[in-house]
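Enquirer: Next comes the sequence, and after it the predicted model I'd like to discuss.
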Amino acid sequence: MNVLIIGLGYAGTRFYNAFKQIELPGNEEIEVAYVGRKKRRLDLAYYTSIAAALKEFRPQIVVVSVNDGSHAEVITQLSGYKGFVICEKPFAGVHDNLDVLESSLAHISGFALDLVERYSDTTIALKQYVAKRQLRLLRANFYWGKDRIHDLRPTSGVISEIIHPLDLVQWICAPNEELQLQESQGIRSDFSISGDDVLDSASITAALQKAVITGYSSFVNINRKREIDLVFASPDERLVYASLIYDTPAWDFDQLRVWEKGLTGDRTILDIQTGEEETRPELLTIRKLTRLALDAAHFAHSGKAPAQPFADLQTALKLQRLLNRIDHSSRTLGPVQYVVGAERESYYDESNLERLG
């Protein structure tokens, strides 16, 4: 099987490492090639042109892992491609023509947006419990932030971060429904090399069926924080509480607690922690991503159904329209000026997961 990675930077390298952990039936090997502006590795086939790579390498899977501002440029060059596409989130930039991008992928065999937290054991367990118990969401609140101040990588801003909790709330609680944005406010700044007034933070109110959703996400949060709190109603008219914490204290260390309150105290229903049981060092920080890559590889290889549904093209488009509304309609303050000297301070440390994740 051939996998073409378009953009072998930080995200692309994570995908390379994930695909190298996968075993296909019959011991079939996975060959990886990449497209980039410059040659980064001597051990992989390298192309400067997407068209040449598609023609000569003939990949069954294409990974779009360039900076999010370049997604549209890459996707339009995949027009006519008939294999499987994995795309880093978000799907596109806030000003890109989604109709053009959708038509460019009209002939693909499958699609998955990289919403990696769907593949956490905590997410899977809570989603299954909500469905089994037929819980009805009443209230959800999220806080999802990290520090990207003066990061050298271009970015579309906080929409690349807030996509995670927005997707998770819908995916876990009402996967067939669409979250309706009510109001958004935010802050713009020059935190990124992408511009002087990029949306770096957003606070939203929304509705999912009759449930009320609130949340805050930021790319200028000093410490990484990824938490979702949920309150459900059960069919027997009791309140059920759930707390999700992701990537704390380190990547892939996730926590889920589900409980009911009673006269004698809390009754714990689920209490799950991941990460500490990892026995394969090569999977550190890519355990969840490897699950996505595994599902994609088996689907592309033999049509095997994924362990859980992919975040398909229609899901990606719906989420992108929601992100666009947040960016376009937010009442904002700023721009805040983080460039306080004659020149911007710039940092890019591939060993610093606090910044890169």
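Expert: Ah, there it is.
Enquirer: Geometrically speaking, which residue is the centre of the chain?
Expert: In the chain, the centroid-proximal residue (CA atoms, centre = their mean) is residue 115; its distance is 3.2 Å.
Enquirer: which residues are in contact with stretch 141-151?
Expert: Stretch 141-151 is contacted by residues 155, 161-162, 164-165, 168-169, 191-193, 200-201, 213-229, 338, 344-348, 354-355, 357 when judged by CB atoms under 8 Å, 6 or more residues apart in numbering. Bear in mind the C-beta positions are built from the backbone N, C-alpha and C, glycine included.
Enquirer: In strands, which of those fall?
Expert: Judged by DSSP state E, strands contain the following of those: 200-201, 213-218, 220-229.
Enquirer: what comes up buried for the host helix or strand of residue 137?
Expert: Applying DSSP states H and E as the criterion places residue 137 in strand 136-147. For strand 136-147, a neighbour-count test (16 or more other CB atoms under 10 Å) marks 136, 137, 140, 141, 142, 143, 144, 145, 146, 147 as buried.
Enquirer: Pairing partners for it, with directions?
Expert: strand 211-218 (parallel), strand 220-233 (antiparallel) (DSSP bridges).
Enquirer: Quick one: buried ones out of the contacts of stretch 141-151?
Expert: Of those, these count as buried by 16+ other CB under 10 Å: 155, 161-162, 164-165, 168-169, 191-192, 200-201, 213-221, 224-229, 355, 357.
Enquirer: returning to what we had before: return the residues in contact with the residue nearest to the centre of the chain.
Expert: 89, 163, 164, 167, 168, 171, 311.
Enquirer: Compute the distance between the closest residue to residue 202 other than its chain neighbours and residue 49, please.
Expert: Nearest non-adjacent residue to residue 202, counting by CB to CB, 6 or more residues apart in numbering: residue 186, 4.0 Å away. Residue 186 is 38 Å from residue 49, where distance means CB to CB, to the nearest Å.
Enquirer: So which of these two has more stuff around it?
Expert: residue 186 (26 against 11; other CB atoms under 10 Å).
Enquirer: what helix or strand is that one on?
Expert: Per DSSP H and E: strand 180-189 holds residue 186.
Enquirer: can you give me the angle that strand makes with strand 211-218?
Expert: On the basis of axes from the mean of the first three to the mean of the last three CA atoms, to 10 degrees, strand 180-189 is oriented at 10 degrees to strand 211-218.
Enquirer: just checking, what packs against strand 180-189?
Expert: strand 198-208, helix 313-329, strand 331-336 (3 or more CB pairs under 8 Å, 6 or more residues apart in numbering; DSSP states H and E).
Enquirer: hang on, residue 6 packs against residue 57?
Expert: No: using CB atoms under 8 Å, residue 6 is not in contact with residue 57; the gap is 11.3 Å.
Enquirer: Name the residues of stretch 26-40 that are buried.
Expert: For stretch 26-40, by 16+ other CB under 10 Å, it's 30, 32, 33, 34, 35, 36.
Enquirer: swap that for stretch 309-320, please
Expert: 310, 311, 313, 315, 316, 317, 318, 319, 320.
Enquirer: out of those, who's nearest residue 96?
Expert: Distances from residue 96 to those, taken as CB to CB, are shortest for residue 320 (8.3 Å).
Enquirer: what's the closest non-adjacent residue to the closest one?
Expert: residue 91 (4.6 Å).
Enquirer: The one you found: neighbouring residues, count only.
Expert: There are 29 residues near residue 91, going by other CB under 10 Å.
Enquirer: and it, what element?
Expert: Counting by DSSP H and E, residue 91 is found in no helix or strand.
Enquirer: where's it relative to residue 46, distance?
Expert: 26 Å.
Enquirer: same check, this time on residue 127
Expert: Residue 127 is 40 Å from residue 46, by CB to CB.
Enquirer: What of residue 24?
Expert: Where residue 46 is concerned, residue 24 sits at a distance of 24 Å (CB to CB).
Enquirer: now residue 312
Expert: 30 Å.
Enquirer: Also residue 330?
Expert: In terms of CB to CB, residue 330 sits 41 Å off from residue 46.
Enquirer: of the two, who's got more company?
Expert: residue 330 (21 against 15).
Enquirer: Can you get me a residue count around residue 274?
Expert: Other residues within reach of residue 274, judged by other CB under 10 Å, total 18.
Enquirer: again with residue 301
Expert: 18.
Enquirer: just residue 61 next, same as before
Expert: Neighbour tally, residue 61, other CB under 10 Å: 26.
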